[in-house]
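K.L.:
model the structure of this input:
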Amino acid sequence: MTNDSLADFDRIEFSAEGRTAPVYRLGTGPAVIVISEMPGITPAVAGFARTVAGVGLTAVMPHLFGVDGKDPLDARIPALGAVSTIARAIVPACISREFTVLATGKSSPVVRWLRALGAAEHERCGGPGIGAVGMCFTGGFALAMAADDRLIAPVLSQPSLPFGVSRNRTHNIDISPADLATVKNRCATGDLGVLGLRFAGDRACPPARFRWLAEQLGDAFTAIEIPDDAANPDALAPPHSVLTEHLVDAPGEPTRAALDEVLDLFRRRLLPTG
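P.N.:
Now for the predicted structure:
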């Protein structure tokens, strides 16, 4: 894979909550906010967004960190290039006030900007509501965004915050008590279902996090846990990124089945049936 120019996406600058950043759009129909994993909007993340647009939706990719379109393996020594690219993205993010990395019981401040983006895209695109996919570092953002009832199709792919190995971090996710209470109420009334994806052996998204989500959200939380040996063997990192770097996009593959579950959720919730 090489760097992606993102030339087929429309690029705008979106301002809200004191933050202005690029946003990339592709497609027509109700909006799905595609929140990139570390180290940013990679070619694989853009490819996922194109798949979302291909089913009749508008894929909306906000810039949160990193270099948009950069392939982390585009270097003389791919492994070193990936480490360098991730470090250049994650270090500023970890010290930024926009992101809550270590603390428990907090939604990252950038979630307010993402909610504003979702509201604007819902007004622009129409439909019954919006979808959102958070990945890795941003996995929990999709859950916190669901405190706004415009979000009706949230997907948490390998949610990895808060970082840490103690029980109060692994048996938890980055969402404030107030946002969680709203999300739980929506789940209890049947207004919301939440889809979670992870590889079975992923230490960055430990099984305790999914158990906690099931305890909090009940039957409204659907967990898809994929065997590690189903991950793309050509990826350099251990199995982690279900929808992007570790996806094996072929019929019968467990990661492809997980992607199909995500797309089916968006179709059911966002696209008209009549």
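
K.L.:
do a quick rundown of the strands in this structure.
P.N.:
Taking DSSP state E to define them, one finds strands in the chain at 10-16, 19-27, 31-35, 58-62, 130-135, 151-157, 194-199, 221-226.

K.L.:
reformat those as CSV; add mean pLDDT, mean neighbour count and distance to residue 187.
P.N.:
The way it works is simple: take the backbone N, C-alpha and C, and place the C-beta from them, glycine included. CSV is the format used below for the strands of the chain (pLDDT from 0 to 100; neighbours: other Cβ atoms under 10 Å; distance: least, Cβ to Cβ, whole Å):
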stretch, mean pLDDT, mean neighbour count, distance to residue 187
strand 10-16, 97, 13, 27
strand 19-27, 97, 18, 28
strand 31-35, 98, 28, 20
strand 58-62, 98, 26, 24
strand 130-135, 98, 29, 15
strand 151-157, 98, 27, 10
strand 194-199, 98, 25, 7
strand 221-226, 98, 18, 8
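
K.L.:
need those strands in JSON lines with distance to residue 116, can you?
P.N.:
Conversion of the strands of the chain to JSON lines gives the following (distance: least, Cβ to Cβ, whole Å):
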{"stretch": "strand 10-16", "distance to residue 116": "4"}
{"stretch": "strand 19-27", "distance to residue 116": "9"}
{"stretch": "strand 31-35", "distance to residue 116": "11"}
{"stretch": "strand 58-62", "distance to residue 116": "11"}
{"stretch": "strand 130-135", "distance to residue 116": "12"}
{"stretch": "strand 151-157", "distance to residue 116": "12"}
{"stretch": "strand 194-199", "distance to residue 116": "21"}
{"stretch": "strand 221-226", "distance to residue 116": "26"}
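
K.L.:
list the buried ones in stretch 237-245?
P.N.:
239-245 (16 or more other Cβ atoms under 10 Å).

K.L.:
closest to residue 148 out of those residues?
P.N.:
Residue 148 lies nearest to residue 243 out of those, by Cβ to Cβ, at 22.7 Å.

K.L.:
what sits against that closest one?
P.N.:
48, 133, 135, 157, 197, 255, 258-259, 262 (Cβ atoms under 8 Å, 6 or more residues apart in numbering).

K.L.:
7 Å instead, please
P.N.:
48, 135, 157, 259, 262 (Cβ atoms under 7 Å, 6 or more residues apart in numbering).

K.L.:
how about those residues, which pair is most distant?
P.N.:
Pairwise distances across these peak at 12.4 Å for 135 and 259 (criterion: Cβ to Cβ).

K.L.:
ranges for the helices of the stretch 151-274 of the chain?
P.N.:
Assigned by DSSP state H, counting those that start in this stretch, the helices in the stretch 151-274 of the chain fall at 167-170, 177-188, 207-217, 254-270.

K.L.:
for the second one, give me every contacting residue.
P.N.:
By Cβ under 7 Å, 6+ apart, the list of residues contacting helix 177-188 from outside reads 105, 107, 143-144, 146-147, 149, 192, 216-218, 220.
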